[in-house]
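Participant: Got a sequence here, can you model it:
(2 chains)
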Protein chains: 2
Amino acid sequence: MDQQESCVPPGFRFHPTEEELVGYYLARKVASQKIDLDIIQEVDLYRIEPWDLQERCRQHAGGGHDEQTTEWYFFSYKDRKYPSGTRTNRATAAGFWKATGRDKPVLSSSTRTRCGTSRVIGMRKTLVFYKGRAPNGRKSDWIMHEYRLQSNEHAPAQASKSLIN
Amino acid sequence: MDQQESCVPPGFRFHPTEEELVGYYLARKVASQKIDLDIIQEVDLYRIEPWDLQERCRQHAGGGHDEQTTEWYFFSYKDRKYPSGTRTNRATAAGFWKATGRDKPVLSSSTRTRCGTSRVIGMRKTLVFYKGRAPNGRKSDWIMHEYRLQSNEHAPAQASKSLIN
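Facilitator: Just a heads-up that it's a prediction; the model follows:
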């Protein structure tokens, strides 16, 4: 780990494109392939509050860590507790994540179809954190972008990005 | 070079703080010390127009290159042609760079004085590019931040950042 971290020269920050998040980090995570730098940690999203993510992700952030960042990246398993259910509320001890808006496609710029259009490699769901219990709860400023592979919708791993608006 | 470039994992972008630019890249350049990744190239600022910087700097950008960037970083020698003069206009073939506003200090957060205040490690000058010849010329959107070491004001090398507003 130390050797890997030292490979990121001064001045570099982790600002991945969605294509990199899905096409590299998530695809390799799902396929259990080697990831150059282990910068995205696994988090059990239902056992951690959004305001605790920063500390958790900071510990493992490695080289190129940005002190002023308001974005954190992590992998989380979806519906680990109830594999057969379609879970709509993703509850923590203090609140729950609720989807908002429509899912958006993540496109690959390098892989194009025969028609010349970009290929959809994944989908992004936007969720807002509410404090309290559904269907009540007070909307917070915490927003999460949850990415999944398009080719493998029921894969266990997801890459998520949590941020304050 | 290839080996160095491959060390920057996917998703990393070169977004240095001013402290990193001055305290690491410029300080090492001036001292002829090894720089982890040779991402900042030398440019003769008086022989290149601002709109040609992008192509020049792109060629050597290496890993973590950001396609959508509007900022480019380079080293340039100051007053190479007239070492003894105090040059105020920095002319290219098509125009000139003109200083604007006051120089601002670049502070080191890691090095503090006995009083607990931050130490000044460098200075930043802001310049605007004008097309044409001084004292006339049409102001452009091109802005440059020119950094110099505070401890070594007459050092030959500077790190500059050029950007479109």
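
Participant: Surely residue A:134 and residue A:95 touch.
Facilitator: No - if you go by C-beta atoms under 8 Å, residue A:134 and residue A:95 don't touch, sitting 9.0 Å apart. Quick note: C-beta positions are derived from backbone N, CA and C, even for glycine.

Participant: Among these two, which residue is more densely surrounded?
Facilitator: residue A:95 (22 against 13; other C-beta atoms under 10 Å in any protein chain shown).

Participant: shouldn't residue A:130 be in contact with residue A:92?
Facilitator: No - look at residue A:130 against residue A:92 with C-beta under 8 Å: they stay out of range, at 10.2 Å.

Participant: who has more neighbours, these two?
Facilitator: residue A:130 (21 against 17).

Participant: Quick one: name the residues of chain A near chain B.
Facilitator: A:7-17, A:20-21, A:24-25, A:35-37, A:39, A:64, A:66 (C-beta under 8 Å from any C-beta of the partner chain).

Participant: For residue A:74, which non-adjacent residue is spatially closest?
Facilitator: residue A:43 (4.1 Å; C-beta to C-beta, 6 or more residues apart in numbering or on different chains).

Participant: how many neighbours does that neighbour have?
Facilitator: Residue A:43 has 20 neighbouring residues, counting by other C-beta under 10 Å.

Participant: swap in residue A:70?
Facilitator: Residue A:70 has 11 nearby residues by other C-beta under 10 Å.

Participant: I'd like to know how far the residue lying closest to residue A:138 once chain neighbours are set aside sits from residue A:47.
Facilitator: In space, and not counting its chain neighbours, residue A:138 is closest to residue A:131: 4.8 Å by C-beta to C-beta, 6+ apart. According to C-beta to C-beta, to the nearest Å, residue A:131 and residue A:47 sit 16 Å apart.

Participant: The two: which is more packed in?
Facilitator: residue A:131 (16 against 10).

Participant: Could I get the pLDDT score of that one?
Facilitator: With respect to pLDDT, residue A:131 scores 96.

Participant: quick one, what contacts it?
Facilitator: A:94-95, A:137-138, A:140 (C-beta atoms under 8 Å, 6 or more residues apart in numbering or on different chains).

Participant: gap between it and chain B?
Facilitator: Distance, residue A:131 to chain B, by C-beta to the nearest C-beta, to the nearest Å: 31 Å.

Participant: need the longest helix for chain A.
Facilitator: Scanning chain A for the helix with the most residues, using DSSP state H, yields helix A:50-59.

Participant: Tell me which helix or strand comes right after that helix.
Facilitator: strand A:71-77 (DSSP states H and E).

Participant: strand partners of that following strand, parallel vs antiparallel please.
Facilitator: Take DSSP bridges as the rule and strand A:71-77 pairs in its sheet with strand A:41-42 (parallel), strand A:157-164 (antiparallel).

Participant: hey, least reliable of those by pLDDT?
Facilitator: strand A:157-164 (a mean of 59).

Participant: hey, where'd the strands end up in chain A?
Facilitator: A:12-14, A:41-42, A:71-77, A:90-91, A:95-112, A:118-131, A:138-149, A:157-164 (DSSP state E).

Participant: Point out the most buried one among these.
Facilitator: strand A:12-14 (a mean of 24; mean count of other C-beta atoms under 10 Å in any protein chain shown).

Participant: Packing partners of that strand?
Facilitator: strand B:12-14 (3 or more C-beta pairs under 8 Å, 6 or more residues apart in numbering or on different chains; DSSP states H and E).
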